[in-house]
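Asker: fold the following and give me the result.
(4 chains)
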Number of protein chains: 2
Amino acid sequence: MKQGSDLQTLVGYRVQQANLLMETDARAALGDFDLSPAKMTALILIRDNPGCDQTALGRALSINRSSAMKLVNILADKGLVERRPGRDLRTNALALLPEGARQLETMLAAVRQSDARMTQRLSADELATLHGLLVRLGPASAAPDDDS
Amino acid sequence: MKQGSDLQTLVGYRVQQANLLMETDARAALGDFDLSPAKMTALILIRDNPGCDQTALGRALSINRSSAMKLVNILADKGLVERRPGRDLRTNALALLPEGARQLETMLAAVRQSDARMTQRLSADELATLHGLLVRLGPASAAPDDDS
DNA sequence: TATTGTTATACTCTATAACTATA
DNA sequence: TATAGTTATAGAGTATAACAATA
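Answerer: Take a look at the predicted model:
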């Protein structure tokens, strides 16, 4: 199956292919946990931002409130995460439970191994270069950190 | 929302974030056409591989026969693509219709513009480097082109 | 036996819209 | 008025399992 120059020259296509490759392997590495890479990301975010609310979690994951709700339901049903009273009577404060912390460590080990395997043909310098280039993708004025 | 080092150090996470950025913009650029970037990719593949069958198309898109079927249905319903008799009585030969070729050209212009905008902070050399690095992602022996 | 297309069905992920409670 | 959570509903995209026709 030929992939003409139209696809090859689109950076977006290249990135998509790379993402498919990486995500498929990470998903397989998480096979035992019945959790997708995105759900593992959610656990990491909750662990590193204890007490955050669902809307903030959704924003960090680029999904909306309603989708974040479903996600938290799944993690809570599995006993990995808990909703606690928040700063408001409106907001929840999300917390990673001990069982969630345990499972997350094991998942992270598996995903790190997958990540290392999929990047093993690149040197540390090359990985740093890749990182630096990926971070610079985006429209002209991507407001690196506008705290005005 | 803090993103601790666990996420930052995973290449897969970086690539996923980059893909989200690129795909979102490409999707917006295609807004007038009611076609996703993936469907545009399918049109390109059919154009560049006239007479290919649905299974081959699916393989190139990393989806299975059944999903490829649905995809071709949508493209055919829009009058962009046609199923013609194939080399077998089992297989279809997919063909891009004139209307599909016309629309594809316009879509490509829009997506190329999006791609250029999202990569404008990288020089031509840097884009070549990025391309070279992304292509080398994958497991050790990714069988570049095993025609044995 | 193996393969292609097809169909029915279901699952995952996400979104929109509307509602409630709170601010 | 605005925001957080919630619920119901819907859509896109994908997969599995089965079947018929053909190879």
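Asker: just give the nearest non-adjacent residue to residue A:85, would you?
Answerer: residue A:93 (6.5 Å; CB to CB, 6 or more residues apart in numbering or on different chains). Heads up, the C-betas are built off the backbone N, CA and C, glycines and all.
Asker: now do the contacts for the one you found.
Answerer: A:50, A:51, A:52, A:53, A:83, A:84, A:85, A:86, A:87 (CB atoms under 8 Å, 6 or more residues apart in numbering or on different chains).
Asker: before we move on, which element is it in?
Answerer: strand A:92-96 (DSSP states H and E).
Asker: that strand and DNA strand C, are they touching?
Answerer: No: applying CB under 7 Å from any atom of the strand, one finds strand A:92-96 separated from DNA strand C by no less than 11.9 Å.
Asker: thought residue A:36 was touching residue A:74, still the case?
Answerer: No: using CB atoms under 8 Å, residue A:74 and residue A:36 do not qualify as a contacting pair, with a distance of 9.8 Å.
Asker: per-residue confidence at the residue nearest to residue A:35 when sequence neighbours are not counted?
Answerer: Take residue A:35 and drop its neighbours on the chain: the residue closest to it by CB to CB, 6+ apart is residue A:107, 6.7 Å away. Here the pLDDT value assigned to residue A:107 is 98.
Asker: report the secondary structure state of residue A:107.
Answerer: With DSSP: H, G, I helix; E, B strand; the rest coil as the basis, residue A:107 sits in helix.
Asker: and for residue A:25?
Answerer: Per three-state DSSP, residue A:25 ends up helix.
Asker: spell out which parts of chain A neighbour DNA strand D.
Answerer: Looking at DNA strand D, the residues of chain A close enough under CB under 7 Å from any atom of the strand are A:53-55, A:65-66, A:68-70, A:72, A:83, A:86, A:88, A:90-92.
Asker: if we use 6 Å, what do you get?
Answerer: A:53, A:54, A:55, A:65, A:66, A:69, A:83, A:90, A:91, A:92 (CB under 6 Å from any atom of the strand).
Asker: pull the number of nearby residues for residue A:49.
Answerer: Close neighbours of residue A:49, defined as other CB atoms under 10 Å in any protein chain shown, add up to 18.
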